[in-house]
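S.K.: Pasting the sequence and the predicted model now:
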Amino acid sequence: MNTIDIEVEDAAWSAALPDAEALTRAAAEAAFAAIEPIVGSVAVLLTGDDEVAELNQQFRDKPGPTNVLSFPAPVGPEDHLGDIALAYGVCAREAVDQGKTLAAHLQHLVAHGVLHLVGYDHQTEAEAEDMEALERDIVASLGHPDPYA
């Protein structure tokens, strides 16, 4: 069984999406269902741009916020797969710019983050195609249109 811990640190998430925690959990569960039999725990932080910018600078040496950051846990005897952080402002702006609902964008990015935690990446064209195909399936299972359309 997978454990999904969610912390809503920035109240803007709850103000814009009163069901942000449930949406996050559903997306993580859908991602796990698509990649089973991987079992473990993840922690998801719904926070603000400033906090994600700080994490981005500290861990990736990149300035400014980004939509989602994934931090895979070191391989070890524990079943914790890693942590995901999402920046409210960046995600909200992207949703508007891309003509998506914030709920759909949140769920896509949570699924994207979970896939990173279990080893998926998009550094090469082949990796990106595989990861995006899986994301499309996960997002469709949640009732949303193709996030890359």
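M.R.: Yep, that arrived.
S.K.: quick one: the helices in the chain?
M.R.: 11-16, 20-35, 49-60, 88-97, 102-117, 125-141 (DSSP state H).
S.K.: among the ones you listed, which is nearest residue 82?
M.R.: helix 102-117 (4.2 Å; CB to CB). Placement of C-beta: from N, CA and C, glycine included.
S.K.: so what's the residue sitting nearest the centre point of the chain up against?
M.R.: Among the residues of the chain, the one closest to the centroid is residue 110, at 2.2 Å (CA atoms, centre = their mean). Contact partners of residue 110, counting by CB atoms under 8 Å, 6 or more residues apart in numbering, are 23, 24, 27, 28, 31, 44, 68, 84, 86.
S.K.: out of those residues, which is most surrounded?
M.R.: Counting neighbours by other CB atoms under 10 Å, the top entry in the contacts of residue 110 is residue 31, with 30 neighbours.
S.K.: How about it: what's its closest non-neighbour residue?
M.R.: residue 114 (3.8 Å; CB to CB, 6 or more residues apart in numbering).
S.K.: What's the local residue count around the residue nearest to residue 146 when sequence neighbours are not counted?
M.R.: Nearest residue to residue 146 in three dimensions, chain neighbours excluded: residue 136, at 5.4 Å (CB to CB, 6+ apart). Neighbour count for residue 136, taken as other CB under 10 Å: 18.
S.K.: The one 10 residues further on too?
M.R.: Applying other CB under 10 Å, we find 11 residues neighbouring residue 146.
S.K.: Quick check: it touching residue 138?
M.R.: No - in terms of CB atoms under 8 Å, residue 146 does not count as a neighbour of residue 138; the distance is 11.3 Å.
S.K.: Would you check how far apart the closest residue to residue 21 other than its chain neighbours and residue 104 are?
M.R.: Of all residues not flanking residue 21 in the chain, residue 6 sits nearest, at 5.1 Å (CB to CB, 6+ apart). Going from residue 6 to residue 104 by CB to CB, to the nearest Å gives 18 Å.
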